[in-house]
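Peer 1: here you go, sequence then predicted model.
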Amino acid sequence: MNVTQAVKQYVSKMIESSGPGMKVLVMDKETTSIVSMVYTQSEILQKEVYLFERIDSQSRENMKHLKAICFLRPTKDNVEYLIQELRRPKYSVYFIYFSNVISKSEVKALAEADEQEVVAEVQEFYGDFIAVNPHLFSLNIVGCARGRAWDPALLSRTTQGLTSVLLALKKCPMIRYQHSSDMAKRLAESVKQIITKEYELFDFRKTEVPPLLLIVDRSDDAVTPLLNQWTYQAMVHELLGLNNNRIDLSRVPGVSKELREVVLSAESDDFYASNLYLNFGEIGTNIKNLMEDFQKKKPKGQQKLESIADMKAFVDNYPQFKKMSGTVSKHVTVVGELSRLVSERSLMEVSELEQELACQSDHSSAQQNVSRLLQNPKLSELDAARLVMLYALRYEKHSSNNLPALMKELHRKGVSESYGRMVQAVVEYGGKRVRGTDLINPNDAVAITKQFFKGLKGVENVYTQHQPLLQETLDQLIKGRLKDSQYPYLGPSTLRDRPQDIVVFVIGGATYEEAQSVYSLNRSTPGVRVVLGGTTIHNTKSFLDEVMAATTPGRGAERSQGSGRPASRR
């Protein structure tokens, strides 16, 4: 159950199947992202792929000495581009791989266009999703809903993405969905329809306990994506924004030219891989150790290269040293910028209050603390608004609810009207009327486990008290206590045994905090393997885009990160 490995194997297989010789990899906008998440360009270069091209590029030259490996989504546009390509081939031979199921009529159209017989192979390789971490995938779609209903094109794209994950992992699952969400039911039915239609593809070896697909709705837990984060990957996404493993650092004061955009990939960066889920205090210590290690290995300024052996040793070690130097400068810059933002925006104070709002139930203290913190001039518009949003969700039905007074304070602080509208929109999106479960439990405060930041010695870890609702849902599911009335099965069959392989999908986007819960669950529960996916992976800003798309009439997926046109399914 490793989505990164699944996509990697598909890409390797494509390249190996074309045999020895120089190759060009032809992709579309989405498959470029899919491949770049699991392989670096230099890794692919080592496999004799010397050129990377886009199928929609008008400026590609004829290069008959190259073999073409085409990895494309099965959209009408891409099929049309291929038909034009095959009528006037630019390369000697074509190995064509679609990232999902393609109709027979489209294969026929391609065959008719191949008059020069340059196509060696047409296959379906089901890598139609973004593999973010081994247990986390995304479809890069922000704003999948129109009101409380699916945008039809995005229901189709989400169905394709989710079925391709199941095919890549070789799972034909039983399906459970969140009863309170019509969108969850629609997606469950749509996935089931594809499994039934393509039953031969899903004819995998039966396991003793069938796999399970659980479909939930983001609106059931609007609190988690509003919280500041303190583990490395989650914090980077919240404060800097991770887009297909890339971070834009161009606004960082005094940043050098080569660090304006950096890639953080656990596949090619050992430091990042081992620090993904560590908290900010630990990362500070580990950065210091990394620096010290680097200083020891650094070639001495006056190092004498007197013999051939000295020179050879220097040249042999230089690439490794250069790579380490790049890693050090990248992480020092990223952590330095995170540190600057934490200080500049008083995020420790903000986060402490967020956790209090999310986990505790003392209304008068909460209101006073929000009111007090809104007076802090360092507070950004976003942080001020998110505190009021958390208050609005937490005390929505409280008899002493005083949201109008806090809204006035936001206005006095000069927070823009758009954020004021967002407060109302968040309650409309994820308030009590919408939720299928009791997100806010009065006993939460008792259940809080107090830990310590190693590196902030003696400071109790008040910043990570909150546990996402998904953690509780999965816990109940594994223990066999998840109520059928809240999460019914699609169809007559039910699971008698404890589930072993679980794919959980969040309509409206998952978060890195939930990904960390799944990572911990996989490590602490032998025999259970969980993969988490979402229409996207949210930080607070993208979540608010999602909320506005869902609650503003006539505003659907206005910003779909590479959602592409849906493939025609006939």
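Peer 2: Structure's in. What do you need? Predicted model only: the values in this text are computed from it and were never measured.
Peer 1: where does the stretch 51-200 of the chain dip in pLDDT?
Peer 2: By pLDDT under 70, the stretch 51-200 of the chain has no low-scoring segment.
Peer 1: pull the CA atoms of stretch 275-282 into PDB?
Peer 2: Extracted C-alpha coordinates of stretch 275-282, given in PDB (Å, rounded to 0.1, in the frame of the first residue of the first chain):
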ATOM      1  CA  ASN A 275      12.200  15.200   9.500                       C
ATOM      2  CA  LEU A 276       8.800  15.300   7.800                       C
ATOM      3  CA  TYR A 277       6.800  14.600  10.900                       C
ATOM      4  CA  LEU A 278       9.100  16.100  13.600                       C
ATOM      5  CA  ASN A 279       8.100  19.200  15.400                       C
ATOM      6  CA  PHE A 280       9.700  22.600  14.900                       C
ATOM      7  CA  GLY A 281      11.800  22.400  18.100                       C
ATOM      8  CA  GLU A 282      13.400  19.100  17.000                       C
END
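Peer 1: and stretch 50-67, which residues are buried?
Peer 2: Residues Leu51, Glu53, Ile55, Arg60, Met63, Leu66, Lys67 are the ones in stretch 50-67 that count as buried (16 or more other Cβ atoms under 10 Å). Using the backbone N, CA and C atoms, a C-beta is placed for each residue, glycine as well.
Peer 1: actually, stretch 425-433.
Peer 2: Ala425, Val426, Val427, Tyr429, Gly430, Gly431.
Peer 1: what's next to it, contact-wise?
Peer 2: Residues outside stretch 425-433 that contact it (Cβ atoms under 8 Å, 6 or more residues apart in numbering) are 218-223, 226, 389, 392-393, 396-397, 434, 544, 547-548, 550-552.
Peer 1: please pick the buried ones from these.
Peer 2: Buried by 16+ other Cβ under 10 Å: 218-223, 226, 389, 392-393, 434, 544, 547-548, 550-551, out of those.
Peer 1: I'd say Phe543 and Leu227 touch.
Peer 2: No - taking Cβ atoms under 8 Å as the definition, Phe543 is not a contact partner of Leu227, at 10.4 Å.
Peer 1: please, where are all the strands along the stretch 101-250 of the chain?
Peer 2: Assigned by DSSP state E, counting those that start in this stretch, the strands in the stretch 101-250 of the chain fall at 119-124, 130-133, 136-138, 145-146, 149-150, 174-177, 212-217, 246-248.
Peer 1: redo these as CSV? Include mean neighbour count and distance to Thr536.
Peer 2: As requested, the strands of the stretch 101-250 of the chain are arranged in CSV below (neighbours: other Cβ atoms under 10 Å; distance: least, Cβ to Cβ, whole Å):
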stretch, mean neighbour count, distance to Thr536
strand 119-124, 16, 25
strand 130-133, 25, 9
strand 136-138, 26, 5
strand 145-146, 22, 12
strand 149-150, 17, 15
strand 174-177, 23, 19
strand 212-217, 25, 14
strand 246-248, 17, 15
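Peer 1: I'd like the ones you listed laid out as JSON lines, including distance to Ser17.
Peer 2: Converted to JSON lines, the strands of the stretch 101-250 of the chain look like this (distance: least, Cβ to Cβ, whole Å):
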{"stretch": "strand 119-124", "distance to Ser17": "7"}
{"stretch": "strand 130-133", "distance to Ser17": "21"}
{"stretch": "strand 136-138", "distance to Ser17": "24"}
{"stretch": "strand 145-146", "distance to Ser17": "40"}
{"stretch": "strand 149-150", "distance to Ser17": "37"}
{"stretch": "strand 174-177", "distance to Ser17": "33"}
{"stretch": "strand 212-217", "distance to Ser17": "30"}
{"stretch": "strand 246-248", "distance to Ser17": "29"}
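Peer 1: between those strands, which one is closest to Ser380.
Peer 2: Closest to Ser380 of these is strand 246-248 (Cβ to Cβ; 18.0 Å).
Peer 1: quick one: secondary structure of Ser520?
Peer 2: Here Ser520 is helix, with the state taken from DSSP: H, G, I helix; E, B strand; the rest coil.
Peer 1: now do the SS call for the closest residue to it other than its chain neighbours.
Peer 2: Nearest residue to Ser520, sequence neighbours excluded (Cβ to Cβ, 6 or more residues apart in numbering): Tyr277, at 7.8 Å. Secondary structure, three-state DSSP: Tyr277 is coil.
Peer 1: tell me if I'm right that Tyr277 and Val518 touch.
Peer 2: No - using Cβ under 8 Å, Tyr277 is not in contact with Val518, being 10.8 Å away.
Peer 1: name the element the closest residue to Val122 other than its chain neighbours belongs to?
Peer 2: The shortest distance from Val122 to any non-neighbouring residue, by Cβ to Cβ, 6+ apart, is to Ile96 (4.7 Å). If you go by DSSP states H and E, Ile96 is part of strand 93-98.
Peer 1: tilt between that strand and strand 119-124?
Peer 2: 10 degrees (axes from the mean of the first three to the mean of the last three Cα atoms, to 10 degrees).
Peer 1: circling back to that earlier point, which members of the buried residues of stretch 50-67 occur in helices, if any?
Peer 2: Counting by DSSP state H, no part of those is found in helices.
Peer 1: kindly reformat these as JSON lines containing distance to Pro488.
Peer 2: Below are the buried residues of stretch 50-67 laid out as JSON lines (distance: Cβ to Cβ, whole Å):
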{"residue": "Leu51", "distance to Pro488": "51"}
{"residue": "Glu53", "distance to Pro488": "47"}
{"residue": "Ile55", "distance to Pro488": "42"}
{"residue": "Arg60", "distance to Pro488": "51"}
{"residue": "Met63", "distance to Pro488": "55"}
{"residue": "Leu66", "distance to Pro488": "53"}
{"residue": "Lys67", "distance to Pro488": "50"}
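Peer 1: of those, closest to Gly533?
Peer 2: Ile55 (26.1 Å).
Peer 1: what's near enough to touch Thr552?
Peer 2: Applying Cβ under 8 Å, 6+ apart, the residues near Thr552 are Ala425.
Peer 1: so it versus Met348, what's the distance?
Peer 2: The gap separating Thr552 from Met348 is 34 Å, by Cβ to Cβ, to the nearest Å.
Peer 1: please apply the same query to Leu382.
Peer 2: 16 Å.
Peer 1: cool, Arg251 as well?
Peer 2: Arg251 is 22 Å from Met348, where distance means Cβ to Cβ.
Peer 1: who's more crowded, the two?
Peer 2: Taking neighbours as other Cβ atoms under 10 Å, Arg251 and Met348 compare with Met348 leading, 16 against 9.
Peer 1: and the strand holding Ile96, how far from the chain's centre?
Peer 2: Mean-position distance between strand 93-98 and its chain equals 28 Å (Cα atoms, centre = their mean, to the nearest Å).
Peer 1: what does stretch 129-142 give?
Peer 2: A distance of 4 Å separates the C-alpha centroid of stretch 129-142 from that of its chain, computed with Cα atoms, centre = their mean.
Peer 1: what is the end-to-end distance of it?
Peer 2: End-to-end distance for stretch 129-142: 14 Å, by Cα to Cα, to the nearest Å.
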